[in-house]
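1. structure here, sequence nowhere to be found:
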């Protein structure tokens, strides 16, 4: 069994921690990963749904397949500048 | 008889000098003054016609009446910046 | 410091200007986003900025390259600060050089709009009555 | 130095920024007009700027006041240099602060357009093959 490491930032980082580990058995899509995270933190469903997901520093679509060494990040709505 | 002192700049200043003195007998308008200057420097008629005229640091119209202590300037097309 | 950077240090706009200056340019436009004391009548004590640093720097560079392709401009530098910032301090600095001023203004404005739209940086606002993470207000918050 | 000035000295944009910084502003936009080496393929050696100083300073101030009335901005500083300027040197510097960035950009751009339109300043261009006074090209020369 593998563990995906996921970075969290801003409000989400404060709520659920800056580094998550999500155990996975098989290859999965970004959409499936998001569902898994929501399942682990159901009280933060809305916040997690608001996030974009970045894989290896790129925003990706829900259909993107995640590979085991990918750097995954949950990106809440940005507010830089 | 009075003399009006007139400041000239840029190409015009190089051609006819930075300070002109134009003798006048009566009150005159900006238009009349411009004609007087052209009469004194007919070879620079075109350059003089291109100028705006400023009285006391304000651009003025051709109908403005000039008074004897006014600071008058011939302003060639500007090219600052 | 690189010309696309996330930094903990004060942003010196003059350094960005030195980076972008170019003998074939007649115009340099800069933008600084500063910490405003009052927003909708509420007093800000200070801000804390957090960034996903590696990704944010890559995205600044990508925006920079996009700007250079899209506009008739020569060079661009973009730096965003993180950590605690007090009012009047500079959170983001951008400098663009271009042969002509129109392009310098348009490129600089486009660049800051893009930064606020999707570079992974967040700010937490501290007020007398508490603190909160600011939600994206990309369209026009500054 | 005043915040609307004609000067013989190098323009330090940081000083203009200090003048316009304001705790109620989230945005500062600056513009620098720099001496370009190549214009239409011709090489400039240097420029000489001449101003009708008293009138030019009054007009800078008037443009500044006009900008403050016309745009949602707080403070503005405008300085134009005269004398000999080499390539890459700053001929004109403008800084504007505003609560929001849109207004800072628009105000700054409007200000430089107005400066080029009617502030009594002239430049003489020196090239290898001679020198000449530049004719007004207000619409877009930089």
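-> Sure, I can see it. Being a predicted model, the structure only gives us computed values, none of them experimental.

2. pull the number of nearby residues for residue C:33.
-> Per other C-beta atoms under 10 Å in any protein chain shown, the neighbour tally for residue C:33 reads 27. Glycine gets a C-beta too; all of them are placed from N, C-alpha and C.

3. identify the bridge partners of it.
-> residue C:92, residue D:27 (DSSP bridges).

4. how much space between it and residue C:94?
-> According to C-beta to C-beta, to the nearest Å, residue C:33 stands 9 Å off from residue C:94.

5. mind listing the shared neighbours of those two?
-> residue C:112 (C-beta atoms under 8 Å, 6 or more residues apart in numbering or on different chains).

6. find the closest residue to chain D in chain A.
-> In chain A, the residue that lies nearest chain D is residue A:81 (8.1 Å; C-beta to the nearest C-beta).

7. check the residue in chain A that chain B sits nearest to and give its pLDDT.
-> Nearest residue of chain A to chain B: residue A:81, at 28.9 Å (C-beta to the nearest C-beta). pLDDT for residue A:81: 92.

8. for the chain, which segments are assigned as helices?
-> No chain specified, so I'll use chain A. With DSSP state H, the ranges of helices along chain A come out as A:10-16, A:30-40, A:45-50.

9. look at chain C instead
-> Here chain C has its helices, by DSSP H, at C:13-20, C:53-70, C:101-118.

10. can you give me the neighbour number for residue A:32?
-> 15.

11. from residue A:22, how far off is it?
-> Where residue A:22 is concerned, residue A:32 sits at a distance of 11 Å (C-beta to C-beta).

12. check contacts around residue C:88.
-> By C-beta under 8 Å, 6+ apart, the neighbours of residue C:88 are C:34-35, C:37, D:21-23.

13. neighbours of whichever residue of chain C sits closest to chain A, just the number please.
-> Nearest residue of chain C to chain A: residue C:121, at 3.0 Å (C-beta to the nearest C-beta). Neighbourhood size, residue C:121 [other C-beta under 10 Å]: 28.

14. so what's it scoring on pLDDT?
-> At residue C:121, pLDDT is 98.

15. the one 4 residues further on too?
-> At residue C:125, the predicted lDDT confidence score is 96.

16. what does residue C:142 give?
-> Per-residue confidence (pLDDT) for residue C:142: 43.

17. what does residue A:25 give?
-> pLDDT, residue A:25: 84.

18. report the central residue of chain C.
-> Compute the mean C-alpha point of chain C, and by C-alpha atoms, centre = their mean the closest residue is residue C:92, 3.0 Å away.

19. get me the contact residues on chain C for chain D.
-> Applying C-beta under 8 Å from any C-beta of the partner chain, we find that chain C lies next to chain D at C:13-14, C:17, C:21-39, C:87-88, C:97, C:99-102, C:104-105, C:108-109, C:112, C:140-142.

20. now, of these, which are buried?
-> C:13, C:17, C:21-23, C:25-37, C:39, C:87-88, C:97, C:99-102, C:104-105, C:108-109, C:112, C:141-142 (16 or more other C-beta atoms under 10 Å in any protein chain shown).

21. quick check: residues of chain C near chain A?
-> Residues of chain C lying close to chain A by C-beta under 8 Å from any C-beta are C:33, C:49-52, C:54-56, C:58-59, C:80, C:91-92, C:112, C:115-124, C:133-138, C:141-142.

22. buried subset of those residues as a ChimeraX selection?
-> Buried subset of those, written as a ChimeraX selection, criterion 16+ other C-beta under 10 Å:
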select /C:33,49,50,51,52,55,56,58,59,80,91,92,112,115,116,118,119,120,121,122,123,124,133,134,136,138,141,142
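
23. with residue C:2 as the reference, measure out to the residue of chain C positioned farthest from its centre.
-> Farthest-out residue of chain C from its mean C-alpha position, per C-alpha atoms, centre = their mean: residue C:129, at 27.8 Å. From residue C:129 over to residue C:2 the distance is 39 Å, taken as C-beta to C-beta.

24. check the gap between the closest residue to chain C within chain A and residue C:118 for me.
-> Using C-beta to the nearest C-beta, residue A:80 is the residue of chain A that sits closest to chain C, at 3.0 Å. For residue A:80, the distance to residue C:118 equals 9 Å [C-beta to C-beta].

25. again, but for residue C:44
-> 24 Å.

26. one step back: just put the helices of chain C in JSON lines and tack on mean pLDDT and distance to residue B:11.
-> Shown next, in JSON lines, are the helices of chain C (pLDDT from 0 to 100; distance: least, C-beta to C-beta, whole Å):
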{"stretch": "helix C:13-20", "mean pLDDT": "96", "distance to residue B:11": "33"}
{"stretch": "helix C:53-70", "mean pLDDT": "98", "distance to residue B:11": "38"}
{"stretch": "helix C:101-118", "mean pLDDT": "97", "distance to residue B:11": "24"}
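
27. nearest to residue A:51, out of those helices?
-> helix C:101-118 (12.6 Å; C-beta to C-beta).

28. tell me what angle the closest one forms with helix C:13-20.
-> 120 degrees (axes from the mean of the first three to the mean of the last three C-alpha atoms, to 10 degrees).

29. next up, the contacts around the residue lying closest to residue C:126 once chain neighbours are set aside.
-> Closest residue to residue C:126 apart from its sequence neighbours, by C-beta to C-beta, 6 or more residues apart in numbering or on different chains: residue C:45 at 4.7 Å. For residue C:45, the contact set (C-beta under 8 Å, 6+ apart) comprises C:126-128.

30. thanks a lot, catch you later.
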